[in-house]
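# kindly return the folded structure for what I paste below:
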Amino acid sequence: MSPDEPKPPRPPAERRPTDDVGGPAAADEQEDPLFEAEPPEDLVPAPANVMELCAACVRYVASRYKTPLDFTSDTLSLLDAYVRDSRVGLKERPESLRLLETTVGAYLGEVIRRAFGGAWFAVGDADGWRVDLSRVYLTFNPIGMAREALLLDAQEGWHAHLEMDPGEREIVEARLASLDAHTGGVHEDEYYAPTTRYDVVALAVDALRAHMIEQGVGDVRFTAEDYRKR
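Numbering: from 1, shown residues only. Purely as a prediction, here's the structure:
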């Protein structure tokens, strides 16, 4: 990405060709909250390989900052700091990128998954991993998000941006655009930061939940079959 290339202040949603799932909407927050977290007992456990990477990330961050990560958005600012500091080491040891992107990405993905409900697809190479949300039709690769945060540049083929039903893409982009108009955008470092990614997912979930509730399909849940079907 050239320094002069204009950049959107928020990561754009990617178009993904799929069948229509759910329908359009906007919601009555009083009668049906836009989002309620899945009860812990209903959340599918993360795969062992993902949890091993998360545990490593927790160790690395605690070792550096003497503060534990707790798998909530409240401590994602520590992950932001770890990413910023790790960029310095990457210049000296570029081979450490794989370890950094997988540990940071696994932790970020698990924080988002626990907050909004969903399941991991963590089979094969990390560029093909996904977190598939269950309350809305939305999927992304948190490893790709971490890679972009570490390199401060878009990474083609890593699916770091949000993928959703094409018919709902404009709804999410309109919500993000209204926020950008209000805030005036963010600096490049913040653009790729884990906290920004979390905030963008939260806004997208809110917009899509409103869309579903207005259409009377707020009880629909999405599974691996919905995301992996051909």
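# what about residue 64, how many residues nearby?
A total of 13 residues lie near residue 64 under the criterion other Cβ atoms under 10 Å. All C-beta spots, glycine's among them, are computed from the backbone N, C-alpha and C.
# quick one: residues contacting it.
82, 85 (Cβ atoms under 8 Å, 6 or more residues apart in numbering).
# go ahead and list the helix or strand containing it.
Here residue 64 is covered by helix 48-65, with elements defined by DSSP states H and E.
# from residue 207, how far off is the residue lying closest to residue 138 once chain neighbours are set aside?
With sequence-adjacent residues excluded and distances taken as Cβ to Cβ, 6 or more residues apart in numbering, residue 138 is closest to residue 164, at 5.1 Å. Distance check for residue 164 against residue 207: by Cβ to Cβ, to the nearest Å, it reads 10 Å.
# shared neighbours of these two, which are they?
Common neighbours of residue 164 and residue 207 (Cβ under 8 Å, 6+ apart) are residue 172.
# could you pull out the helices for this structure?
Counting by DSSP state H, one finds helices in the chain at the ranges 48-65, 76-92, 97-116, 142-151, 169-183, 188-192, 194-214, 224-228.
# out of these, nearest to residue 127?
Nearest to residue 127 among the helices of the chain is helix 142-151; the distance by Cβ to Cβ comes to 6.9 Å.
# so which bits of the closest one are buried?
Of the residues in helix 142-151, those buried by neighbour count under the rule 16 or more other Cβ atoms under 10 Å are 142, 143, 144, 145, 146, 147, 148, 149, 150.
# check stretch 98-117 too.
Counting neighbours by 16+ other Cβ under 10 Å, stretch 98-117 gives 100-117 as buried.
# what of stretch 159-169?
By 16+ other Cβ under 10 Å, the buried positions in stretch 159-169 come out as 159, 160, 161, 162, 163, 164, 165, 167, 168, 169.
# quick one: mean pLDDT over that stretch.
Stretch 159-169 shows an average pLDDT of 95 in the prediction.
# kindly check the end-to-end length of it for me.
Distance between the boundary residues of stretch 159-169 (Cα to Cα, to the nearest Å) amounts to 15 Å.
# and it, how far out from the chain's middle?
12 Å (Cα atoms, centre = their mean, to the nearest Å).
# shaky segments in this structure?
Counting by pLDDT under 70, the chain contains low-confidence ranges at 1-41, 180-186, 230.
# try 50
Regions of the chain meeting the criterion pLDDT under 50 cover residues 1-32.
# in it, which residue sits furthest out from the middle?
Counting by Cα atoms, centre = their mean, the extreme residue of the chain relative to its mean C-alpha position is residue 92, 28.3 Å from that point.
# tell me the spacing between that one and residue 83.
Taken as Cβ to Cβ, the span from residue 92 to residue 83 is 16 Å.
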